[in-house]
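A.B. asks: Build the 3D model from these lines:
(4 chains)
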2 protein chains.
Amino acid sequence: MANQSSRLDQIFAALADPTRRAIVMRLCDGEASVGELADPFDMALPSFMKHIHVLETSGLLQSEKSGRVRTCRLSPDALLGAEDWFQRQRAIWEARLDRFEAYVMKLKKEKERAGAKRPSRTTKRKGSE
Amino acid sequence: MANQSSRLDQIFAALADPTRRAIVMRLCDGEASVGELADPFDMALPSFMKHIHVLETSGLLQSEKSGRVRTCRLSPDALLGAEDWFQRQRAIWEARLDRFEAYVMKLKKEKERAGAKRPSRTTKRKGSE
DNA sequence: CGATTGGTTAGCCATGAAGCTAACTATAGA
DNA sequence: TCTATAGTTAGCTTCATGGCTAACCAATCG
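C.D. replies: Prediction:
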């Protein structure tokens, strides 16, 4: 029953929509009212408001109503959180590449040594870890 | 009718699911068969295969079948593409902060100068660009 | 050959996402 | 006070997503 979806789920889901990415891009450039944000889009306001709401519950956007106008701004923390995820993946990935490189080096050395012992042996192994 | 969704749409949508993020994380650590990947998850294989397929059409994963076993590996290009998006956003965001800072500086100077002319005037402007 | 393993296809179901209209609330401006 | 503006709420449709089972290939292995 409880909508158990993590913060990252929500952030990525929010960014999976081109309208919402456009809103985020627009907001990178400074705050704006809902009307201003909605203007470039050929969409009924209630539909557009849903996008705003999705962005807001994902934590990417903060808004505040003053008088009858709601002003939206980006809250960069969520954005940074998602970026961080990529960087952690890349770290793991690169560590893995390093390990792989080390492995290839080891193979090469062994091959050289083996080559010294029995020269004509075309090792047909596919180097897949 | 044509499923017009951009590469970024697909990548972010793919990453919005915890199962799929887990698969990506697992694959950062080296290639694996579908069975190996599916093992930790309490899910029927066909359901799991859908996730694999989503990852593959997003470009995050490549797979290749040899005999009866399909081996999956990460293709980091897509991952880097998404990471790039964040970095571009951040660049815009930071440029904006710089501009904002410059603006605040200008305000401050003007206030100081105004303060020299007519001392007690509490400028009630909200600094919203 | 026959059974097992590894994956695939087909088809069903429930939920959620994305859009719409119509009608409503509340502030701002004339 | 009247009217126009800026959002909001309610309720509806349609399609996509994420899960399942059951049945089906196609390689291995005994």
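A.B. asks: I figured A:Ala38 hits A:Phe48, correct?
C.D. replies: Yes - between A:Ala38 and A:Phe48 there is a contact under C-beta atoms under 8 Å: 4.5 Å. (Glycine included, C-beta is placed from N, CA and C.)
A.B. asks: so what pLDDT did the residue of chain A found nearest DNA strand D get?
C.D. replies: Here the residue of chain A nearest DNA strand D is A:Gly35; by C-beta to the nearest atom of the strand that distance is 2.7 Å. You'll see A:Gly35 listed with a pLDDT of 95.
A.B. asks: cool, A:Lys126 as well?
C.D. replies: 37.
A.B. asks: State the phi and psi torsions of whichever residue of chain A sits closest to DNA strand C.
C.D. replies: At 2.6 Å from DNA strand C, A:Gly67 is the closest residue in chain A, using C-beta to the nearest atom of the strand. Torsion angles at A:Gly67 (phi, psi; degrees, to the nearest 10) stand at phi 70, psi -130.
A.B. asks: same question, the one 5 residues further on
C.D. replies: Here the main-chain torsion angles of A:Cys72 (degrees, to the nearest 10) amount to phi -110, psi 140.
A.B. asks: Without its sequence neighbours, what residue ends up closest to it?
C.D. replies: Distances taken as C-beta to C-beta, 6 or more residues apart in numbering or on different chains place A:Ser63 nearest to A:Cys72, at 4.4 Å, with adjacent residues excluded.
A.B. asks: Wait, that neighbour touches A:Ser75, no?
C.D. replies: No - judged on C-beta under 8 Å, A:Ser63 makes no contact with A:Ser75 at a distance of 9.8 Å.
A.B. asks: now the strands for chain A?
C.D. replies: Secondary structure of chain A, counting by DSSP state E: strands at A:32-33, A:61-66, A:69-74.
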